[in-house]
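Asks: Compute the structure for the input listed below.
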Amino acid sequence: PGMVTSLLGFGAANSSADQVDILVQLAVSMRAHGRGGTLLVVPAGSDAWRESVLWPAPYTVEPAFTELKGLLARDEAGRDDEWQDDLRRAVEAVAGLTAVDGAAVVNDRSELLAFGAKIVQSRSGEEVERVIVTEPVEGSDPQVVDPAELGGTRHLSAAQFVQDQRDAVALVASQDGRFTVFAWSPCEAMVHA
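Replies: The predicted model follows:
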């Protein structure tokens, strides 16, 4: 999957400075803080994700926190050392919120919508029963597993969220260092981890 390819290529010599992949930076920061966490990435302009979160969510951000979006909107000329520092601080701030009990929610425009969100099964959804897993290791084959085999509550709830919200992506950092990306696979018609 593209996200895995992006993660594996992060920091590579052939990556250009103008290609800022904010999800990769958030993933790296989530893993680095060592407390574990979940980041849900939902489509901008849609509130469908709210069906998969217990309301009232403890920390909704209204209006949305748009610092990441604003920093990413700067043109090349504005991306100096100060911009790099500002981006790093904003990424660390959002990634730090993933450690709060519950998930942080951002949209695909990099706007923070909520944190501390408790994931629940959507009333219209089905319980996630199996997940296809691809390890980013050469020669490994995809396997279909019970989602409980992937980890604890964070992994299971993230898989359920993507099962219900098929246009969303969930990133999960475990305290033990394992990192999992969940997305819906239309080819396999199931959650892909």
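Asks: Any regions of this structure where pLDDT drops low?
Replies: Counting by pLDDT under 70, the low-confidence segments of the chain come to 1-20.
Asks: Tell me how many other residues crowd Ala48.
Replies: 15 (other CB atoms under 10 Å). The C-beta positions use only the backbone N, C-alpha and C, and glycine is treated the same way.
Asks: do Ala158 as well
Replies: By other CB under 10 Å, neighbour count at Ala158 equals 29.
Asks: And what about Ala64, helix, strand or coil?
Replies: In the three-state summary, Ala64 is assigned as strand, counting by DSSP: H, G, I helix; E, B strand; the rest coil.
Asks: ok, it - how many residues close by?
Replies: 17.
Asks: That one contacts Leu112, doesn't it?
Replies: Yes: under the contact definition of CB atoms under 8 Å, Ala64 touches Leu112, with a separation of 6.1 Å.
Asks: I'd guess Leu113 is in a strand, am I close?
Replies: Yes: with the criterion set as three-state DSSP, the secondary structure at Leu113 is a strand.
Asks: so who does it touch?
Replies: Under the criterion of CB atoms under 8 Å, 6 or more residues apart in numbering, the neighbours of Leu113 are 42, 60-61, 64, 105-107.
Asks: which among these gets closest to Asp164?
Replies: Ranked by distance to Asp164 (CB to CB), the contacts of Leu113 are led by Val42 at 11.4 Å.
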